[in-house]
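> Sequence and predicted structure are below.
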Amino acid sequence: MKKFFALSLLALVTVLTSTAYAQKPVTVGGAPMFPNKNIIENAVNSKDHTTLVAAVKAAGLVETLQGTGPFTVFAPVNAAFDALPAGTVDTLLKPENKGTLTSVLTYHVVAGRFNSKALERMIKQGGGRAILKTVQGGELTAMMSGSDINITDAKGNTGRITITNVNQSNGVIHVVDRVLLPQ
């Protein structure tokens with residue numbers, strides 16, 4: 001009985017230790033992203049995602065991204081928005097362009113929780129590419145480039161995932177270096 005209890009205790013400690021290790025916060029934009037917080041609660045703390053957060057607020061998507069999900073979000077950094085043609089972000093943030101902004105933002109979201117290992121497996125099973133259906137209704141194509149995962153949008157533009165597996169209570173964020181655009 002003592003041996004069984006000792007082995008059970010050891011198994012419990014191993015599970016708790018591995019769970020705690022797996023849930024270690026990832027730093028994004030200088031801030032820890034806590035896996036027990038939702039996408040919005042974490043994103044607002046990243047100094048690399050201030051434009052994305054402003055756009056999510058302008059599109060009225062805060063409540064959605066605080067929902068249960070799960071969601072996989074390909075989150076463009078500020079520099080990705082800065083790389084768009086001059087005036088694009090300001091134009092998208094205008095109230096009269098809320099529909100277009102919502103379309104662009106929901107194009108970065110896939111229903112379900114797909115960490116990098118799941119994406120890599122899907123790419124392998126797809127013969128080198130995985131087609132991801134976005135919440136917006138369009139498709140993104142994921143492909144490997146060496147050890148990196150690249151995401152190609154409907155216009156043929158390709159972004160690289162620079163930080164993978166930023167776990168959230170309602171999904172996972174992958175940081176990307178490009179704004180992805182639907183048709």
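Looks like it arrived, so ask away.
> how about the strands in this structure?
For the chain, strands defined by DSSP state E occupy the ranges 26-28, 31-33, 71-76, 109-111, 130-133, 139-145, 148-152, 158-168, 171-176.
> buried stuff in the fourth one?
Right, strand 109-111. Within strand 109-111, the residues that qualify as buried are Val109, Val110, counting by 16 or more other Cβ atoms under 10 Å. Any C-beta I mention is one placed from the backbone N, CA and C, and that applies to glycine too.
> Contacts for it, please.
65, 69-74, 132-136, 140 (Cβ atoms under 8 Å, 6 or more residues apart in numbering).
> Apply 10 Å and report the result again.
Residues outside strand 109-111 that contact it (Cβ atoms under 10 Å, 6 or more residues apart in numbering): 39, 61, 64-65, 69-75, 119, 132-136, 139-140, 142, 171-172, 174.
> And it, how far out from the chain middle?
9 Å (Cα atoms, centre = their mean, to the nearest Å).
> circling back to that earlier point, and the strands of the chain: which comes nearest Thr51?
Thr51 lies closest to strand 71-76 among the strands of the chain, at 8.0 Å (Cβ to Cβ).
> Just list what that closest one packs against, helices and strands only.
Contacts defined by 3 or more Cβ pairs under 10 Å, 6 or more residues apart in numbering; DSSP states H and E place strand 71-76 against helix 39-43, helix 50-59, helix 62-65, helix 98-106, strand 109-111, strand 158-168, strand 171-176.
> Where does pLDDT dip in the chain?
Residue ranges of the chain with pLDDT under 70: 1-23.
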